[in-house]
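Trainee: below: sequence and its predicted model.
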Amino acid sequence: MNSMMGERDLNASGELRQSSHMDKRQMVAADYIVTPSIQFSQGTGRAGGALAAVSGSYGAILGAIAGSMKSNEASTTMMLTDSRSSVQVAAAQGSAKNIDFGVAGLFDHFGSGGASLGAYSETPEGKVIAAAFLDAYNQMVKAVREYAPQRVAGGLGTGGNLSVDGAGNSSAAIMGRAASGAGDYSLADAQRKLAQLGLYSSKVDGVPGPGTNRAISTFQKANGLSVTGQLDAATIDALQAR
């Protein structure tokens, strides 16, 4: 990104050729942003205590192996964010671990030299981290395949049902959002539609009240719905169809 913006700065300064076509509005927007994070990455020390506990001649051999066994592990997370709405679409955690069977101690025990045959003896810590990120990516693929859009009464970002002390949300407004039905169709939308139909004459404010309940009940009765006075899913569908 820095290199690309450097080219655009050169173009803005007039240093590039006119035929370079470094015009504005050519960059493609990133639809999603993946944010990786390393939670921890560390060696867990010796991992062969159980082998060293074996007695006898086998215990001496296994003890030599156990003395050179080490393990490394890492834990990572990845978050997928929609760049337009800033909504976090998915989050996944990954982990990886390896065990270094450095068997140089075994050969030293028999006096046969000290060449290490450990499969992971030269493995850098970065490979464990990369494996943890690969695991997190695979988990994210599963999460995205099972993704369902987040739905909040009244629409995302308009305020939820959990208020805090001193917040601007009144209890009546919170109740209005809670009773606004499924999807993005709010109580204010219903009041506006009922007013267009001549059934509601009060202020369109998204706040429940007797006038709103009467208008909803009248609409429900006229359209053969269950008369509850509440903005349920069936009532929303009927209002949207008008």
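Mentor: It's in.
Trainee: just the CA trace of the strand or helix carrying Val128, in PDB.
Mentor: In the assignment (DSSP states H and E), Val128 maps to helix 125-145. As requested, C-alpha coordinates have been extracted for helix 125-145 and formatted as PDB (Å, rounded to 0.1, in the frame of the first residue of the first chain):
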ATOM      1  CA  GLU A 125       9.400 -21.400  15.900                       C
ATOM      2  CA  GLY A 126       7.900 -19.600  12.900                       C
ATOM      3  CA  LYS A 127       6.800 -22.900  11.400                       C
ATOM      4  CA  VAL A 128       4.700 -23.700  14.500                       C
ATOM      5  CA  ILE A 129       3.100 -20.200  14.200                       C
ATOM      6  CA  ALA A 130       2.400 -20.700  10.500                       C
ATOM      7  CA  ALA A 131       0.700 -24.100  11.300                       C
ATOM      8  CA  ALA A 132      -1.400 -22.400  13.900                       C
ATOM      9  CA  PHE A 133      -2.500 -19.700  11.400                       C
ATOM     10  CA  LEU A 134      -3.300 -22.400   8.900                       C
ATOM     11  CA  ASP A 135      -5.500 -24.100  11.500                       C
ATOM     12  CA  ALA A 136      -7.200 -20.800  12.200                       C
ATOM     13  CA  TYR A 137      -7.800 -20.200   8.500                       C
ATOM     14  CA  ASN A 138      -9.400 -23.700   8.200                       C
ATOM     15  CA  GLN A 139     -11.700 -22.900  11.100                       C
ATOM     16  CA  MET A 140     -12.600 -19.600   9.600                       C
ATOM     17  CA  VAL A 141     -13.600 -21.300   6.300                       C
ATOM     18  CA  LYS A 142     -16.000 -23.400   8.300                       C
ATOM     19  CA  ALA A 143     -17.300 -20.400  10.100                       C
ATOM     20  CA  VAL A 144     -17.900 -18.400   6.900                       C
ATOM     21  CA  ARG A 145     -19.700 -21.400   5.300                       C
END
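Trainee: what about the strands in this protein?
Mentor: Assigned by DSSP state E, the strands in the chain fall at 32-46, 69-82, 88-101.
Trainee: how many neighbours does the closest residue to Ala238 other than its chain neighbours have?
Mentor: Closest residue to Ala238 apart from its sequence neighbours, by CB to CB, 6 or more residues apart in numbering: Asn223 at 5.0 Å. To be clear about C-beta, it is placed using only N, CA and C from the backbone, and glycine gets the same treatment. Using other CB atoms under 10 Å, Asn223 is surrounded by 13 other residues.
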